[in-house]
Structure formats: C-alpha cells, structure tokens
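Peer 1: Sharing a sequence plus its predicted fold:
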Amino acid sequence: MATTVNPKEAEDIQQEKLELDYFINLSYDNGKESFLFPVLPESLEVKKKGKGQAFNIVGLGEINVIQSRELAEISFESFFPAQSGPYLSINNTLLKEPKKYINYINKWQESRHPCRIVVKAPDFSFTLAVSIEQFDRKESAGSGGDIAFKLSLKEYQFYAPRKIISVKNEKGEETLKKDTNLRPDERVPKSSYTLKAGDNLWKVAKQQLGNESRWKEIMTLNKIKPSELKRLPIGMVLKLPGRR
C-alpha cells in the first residue's frame, strides 16, 4: 500500500505546483499523502445543480464553474503511464509506478475520510474537500502497462459544533455569535493517545477530539473508574472514540 509522502517528495511536489501552469493534485490527511496526476485529462467535468458558467481551458478542456453551494460532482478520465513520455504534465522525478497511484486512491477511498483536490489553470483554479465516489481502471492490451482510469469525486462538507463567542457592539451590548474562524480539520483522527505529564482526560478530549466535554466518552471506553481519574499513570495508552 502507499506510504506517507516523505519530506523531500512533499517539498518537490510543492515546488512543482509553483512552477506548473496546469496541474491536478489529490491529497489526503492534511497533505501527509499526496500526488500530482502525471497526465492531464482531455476534459474535467464539474457538475452542480443550479446556475453555472462553462469555460474552455487549454489542456483541461471544458469545465463548469461552481456558483452555488450545492455539492459538486467532479469527474475526469486519464491514465497512469508505466514510463515517461511527452504526454507527462509533471517532472519525470515525480512519476510513480501505476500501481502506486492505484494504491493511494484505493486506500483513501476505503478510509472513509475526505481528500482534497486542487486544480490549477491560468484563468481558473479551485480547491475542494472531496470524497472518492468511484474509481474505475483497466490495463488496455498493447498499452505497455499503462492503466486507464475514470475518477468520480463529490464535494465534502465538514460538519462539527462551532464555538460560540461573546462580542460587544458599538453600544457596549454583549451578543453571542458563531466563531467563523475555525479551519476544517482534514487530519485523520488518531485511534489512541499516550498520556504525558500534566495530562488529564479533559485536556486529552480537547486536544485530540476538539471537544473537552467528551472526556467521559474516553473514560467509559477505557473503563476508567472515577476514583482513578486523578492518578492516571504517565505512559498509559488510551483508546480514543471517533471524531464527530
């Protein structure tokens, strides 16, 4: 299976993205795993119910600009080449074996966590959190090991409780509103946590789950008695419930 991108490869991918006029990048777990599609598709389709505007972009074909907040559906076809050639849209050093791209996509699809697609063109670019809905691939006879594929993605909306903050208006009156500065957390949550000095369940729940009130869930999951809460040993491995 695919492994986490090493720091040198991650740096090379970022540098390549700065230099390219066109690219399609798919990443996972806040960019810990990532790749650039080696061959750009002839067309990229973005579907969304409601109003939209079509553009023709050299190298990417026709795309449909998203103008509403309904979930977008993105699909395109291309191939993973078995060897370098003039069709490559990336540096040769970033080209992987076809099976490695397939392993990445299969793993991310089965993880039940969102990915992120970034599309860049001179006159149009977008980035979206997405789920992998469909991934069809086949090796055509006489292709020399190239793997043709069709990939379908769907926009993913993050959902989580938002923090309520207190603000004062010009008259000094206090009002409550939702904190809109929270960045969606694309990290894949950990399944366990090892206690360090100064830790307690409230702190662990806040840092690892994003909600301190979930400390009782950790307590129940690990069968910790109330009398043990104040003397949890350093180095104890706690099982963590899933994120909401």
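Peer 2: Happy to help now that I have it.
Peer 1: make it CA atoms for all contacts and neighbour counts henceforth
Peer 2: Fine.
Peer 1: how about low-confidence regions in the chain?
Peer 2: Within the chain, the ranges that satisfy pLDDT under 70 run 1-5, 49-69, 141-143, 159-185, 243-244.
Peer 1: Got the phi and psi for Ala121?
Peer 2: phi -140, psi 160 (degrees, to the nearest 10).
Peer 1: tell me, how many neighbours does it end up with?
Peer 2: Other residues near Ala121 come to 16 when the count uses other Cα atoms under 10 Å.
Peer 1: these two touch, right, it and Asn25?
Peer 2: No. In this structure, Ala121 is not within contact of Asn25 by Cα atoms under 8 Å, at 12.0 Å.
Peer 1: anything in contact with each of the two?
Peer 2: Shared contacts of Ala121 and Asn25 (Cα atoms under 8 Å, 6 or more residues apart in numbering): none.
Peer 1: Quickly list the domain ranges of this protein.
Peer 2: Domain segmentation of the chain under automatic domain parsing yields 7-155, 189-244.
Peer 1: Return the distance of the first one from the chain's centre.
Peer 2: Its chain's C-alpha centre lies 13 Å from the corresponding centre of domain 7-155 when counted by Cα atoms, centre = their mean, to the nearest Å.
Peer 1: That domain: end-to-end distance?
Peer 2: For domain 7-155, the first-to-last residue distance is 28 Å (Cα to Cα, to the nearest Å).
Peer 1: Do you have the helices of the chain handy? List them.
Peer 2: Per DSSP state H, the chain carries helices over the ranges 7-19, 98-111, 201-204, 215-221.
Peer 1: and Val95, how many neighbours does it have?
Peer 2: One correction, residue 95 is Leu, not Val. Neighbourhood size, Leu95 [other Cα under 10 Å]: 22.
Peer 1: That one against Pro38, yeah?
Peer 2: Yes. Using Cα under 8 Å, Leu95 is in contact with Pro38, at 6.5 Å.
Peer 1: Not counting the longest strand along the chain itself, show me its contacts.
Peer 2: Taking DSSP state E as the criterion, the chain has its longest strand at strand 124-139. For strand 124-139, the external contacting residues (Cα under 8 Å, 6+ apart) are 105, 108-109, 112-120, 145-157.
Peer 1: Only the buried members of these: can you turn that into a PyMOL selection?
Peer 2: Here is the PyMOL selection string for the buried members of the contacts of strand 124-139, based on 16 or more other Cα atoms under 10 Å:
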select buried, resi 105+108+109+113+114+115+116+117+118+119+120+145+146+147+148+149+151+152+153+154+155+156
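Peer 1: List the buried residues for stretch 74-93?
Peer 2: Per 16+ other Cα under 10 Å, stretch 74-93 contains these buried residues: Ile74, Ser75, Phe76, Glu77, Ser78, Phe79, Phe80, Pro81, Ala82, Leu88, Ser89, Ile90.
Peer 1: and which of those is nearest to Glu217?
Peer 2: The shortest approach to Glu217 among the buried residues of stretch 74-93 belongs to Ile74, at 37.5 Å (Cα to Cα).
Peer 1: ok, the nearest residue to Lys203 once chain neighbours are set aside to Ser125 distance?
Peer 2: Nearest non-adjacent residue to Lys203, counting by Cα to Cα, 6 or more residues apart in numbering: Glu212, 6.6 Å away. Relative to Ser125, Glu212 is positioned 38 Å away (Cα to Cα).
Peer 1: and if you look at Leu209?
Peer 2: For Leu209, the distance to Ser125 - Cα to Cα - is 32 Å.
Peer 1: higher neighbour count, these two?
Peer 2: With neighbours defined as other Cα under 10 Å, Leu209 and Ser125 compare such that Leu209 has more, 19 against 13.
Peer 1: Fine by me, we can end here.
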